[in-house]
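A.B. asks: sequence and computational prediction follow.
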Amino acid sequence: MSTQGWLRRRVAATRAAWHGRSHRHRRWRWRRISVTLLLIVCTLLTPIGAAAAYLRLQDAGTPAASARTRGRDAVWLGHAWVDGRKTEADIAQLGVLLSGTGIKDLYVHTGPLAHDGTLPPELYPQARWFVETVHRLLPGIRVQSWLGDVLAPEFDGLNLDDAATRDRMVTAANQVLDLGFDGIHFDLEPVRSGAAGFLTLLDRVRPVTAAREALLSVSAPVIDPLPGLHLLGLALADHGKWWSQAYFASVARRVDQIAMMSYDTAMPTGSLYGGYVAQQTRLALQVTPPQVDLLLGVPAFWADDLGHHGAAETVASAVRGVRLGLGRTALDRRTFGVALYVDFAATPADWAAYRRDWGGLTRPE
């Protein structure tokens, strides 16, 4: 055997050995990557799966028979009621719709506030007429002025940390109370958890409403489903989606009524949404003072996007969650209700579900 032949065979054998080792190495490397990816996916999916199982469990069971309206419910009404588009006949028909239900408060959109905190009078030319007509035709129904706007720093809007802006908002509150409104309902979004300016605003407005024997109420976002989740939302999306339970309590102590906007939850099914609302009802009941009306917002509107699945977020699913949460936490509480959002989007089926499952009736009396 020649030396050259031996070398050629040796090189070929070495190459084959290295090729085998390299092939085995690549297979091992991809196997390791696959296992790593699987572990990552499992790590991510495990808490999601656990959360889904927890919410599904929250939706289980039969609501208590007495977990129904306490006669302290509300409905958000659109701007048409104060800008001249509605007539006395419309208010009479509204009375028929509300008859026999537990709705006591109407939040009527009177704004929006300007970004500097002022309220242009031309926005509500028929506000006084509306309030007076409701008081005449629908005795016992209270009419609150719904004032809202978007907030800085997330939007180019109201800056609640600015004292001059808060002063102008106090003036706006006096402005609408002069028209005969029974209360002020602030819907300012998004108020970030811990925001001091919002608390200061409430401390300024509360003496104004109290002096006139009027209500101060607010719309509030949902509470952290997991402790500290609002911090994650701010860090990842710079969005104030949730409040801590402690901040919710701080706001509730400063008002007469707090309405949690328990919709736009991204829950994909009715059972998960119902469980979510049951959990939120429990969390809110735990920290809302007994003398303060706590209302849970009910989605009487249709939307279908990433944040709101219309087939899941229904009046029926929301009311079921409210009843379950109330029954498990504070069944005897009287200062409690639901609030329907919103009149101009609500369908007859929405009203029927509210009456059947919460109000106890199937049609207007």
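C.D. replies: Happy to help now that I have it. Numbering: from 1, shown residues only.
A.B. asks: and Gln58, what does it touch?
C.D. replies: If you count contacts by C-beta atoms under 8 Å, 6 or more residues apart in numbering, Gln58 has them with Gly274, Gly275, Tyr276, Ala278, Gln279, Gly321, Leu324, Gly325. For every residue, glycine as well, the C-beta is placed using N, CA and C.
A.B. asks: do that again at 6 Å, thanks
C.D. replies: Gly275, Ala278, Gln279 (C-beta atoms under 6 Å, 6 or more residues apart in numbering).
A.B. asks: give me the subset of those that lies in helices.
C.D. replies: Those of those mapping onto helices are Gly275, Ala278, Gln279, per DSSP state H.
A.B. asks: which one among the residues you listed gets closest to Leu119?
C.D. replies: Distances from Leu119 to the ones in helices among the contacts of Gln58, taken as C-beta to C-beta, are shortest for Gln279 (36.3 Å).
A.B. asks: grab the nearest non-local neighbour of that closest one.
C.D. replies: Distances taken as C-beta to C-beta, 6 or more residues apart in numbering place Gln58 nearest to Gln279, at 5.3 Å, with adjacent residues excluded.
A.B. asks: what distance do you get for the one you found to Arg333?
C.D. replies: As for Gln58, its distance to Arg333 is 19 Å (criterion: C-beta to C-beta, to the nearest Å).
A.B. asks: same question, Phe198
C.D. replies: On the measure of C-beta to C-beta, Phe198 and Arg333 end up 25 Å apart.
A.B. asks: and those two? Which one has more around it.
C.D. replies: Per other C-beta atoms under 10 Å, whichever of Phe198 and Arg333 has more neighbours is Phe198, with 22 against 13.
A.B. asks: what does the longest strand seen in the chain rub up against?
C.D. replies: Counting residues, the longest strand found in the chain (DSSP state E) is strand 142-150. For strand 142-150, contacts defined as C-beta under 6 Å, 6+ apart pick out 105-113, 131, 134, 157-158, 176, 181-188.
A.B. asks: go on, stretch 125-133?
C.D. replies: For stretch 125-133, using C-beta under 6 Å, 6+ apart, the contacting residues are Trp81, Val82, Gly84, Glu88, Ile91, Thr110, Val143, Leu179, Gly180, Phe181.
A.B. asks: the same query, at a cut-off of 10 Å, please.
C.D. replies: Stretch 125-133 has contacts (C-beta atoms under 10 Å, 6 or more residues apart in numbering) with 77, 80-88, 90-92, 106, 108, 110, 121, 124, 142-145, 175-176, 178-182.
A.B. asks: just the residues you listed: which are in strands?
C.D. replies: Leu77, Leu106, Val108, Arg142, Val143, Gln144, Ser145.
A.B. asks: among those, who's most crowded?
C.D. replies: Most surrounded of the ones in strands among the contacts of stretch 125-133: other C-beta under 10 Å gives Ser145, at 29 neighbours.
A.B. asks: once you drop chain neighbours, what's closest to Gly148?
C.D. replies: Nearest residue to Gly148, sequence neighbours excluded (C-beta to C-beta, 6+ apart): Asp187, at 3.8 Å.
A.B. asks: now do the helices in this structure.
C.D. replies: Taking DSSP H as the criterion, the chain carries its helices at 3-58, 88-98, 127-137, 163-177, 196-211, 229-237, 245-252, 270-287, 315-329, 348-354.
A.B. asks: pLDDT averaged over the fourth one, what's the number?
C.D. replies: In this model, helix 163-177 has a mean pLDDT of 98.
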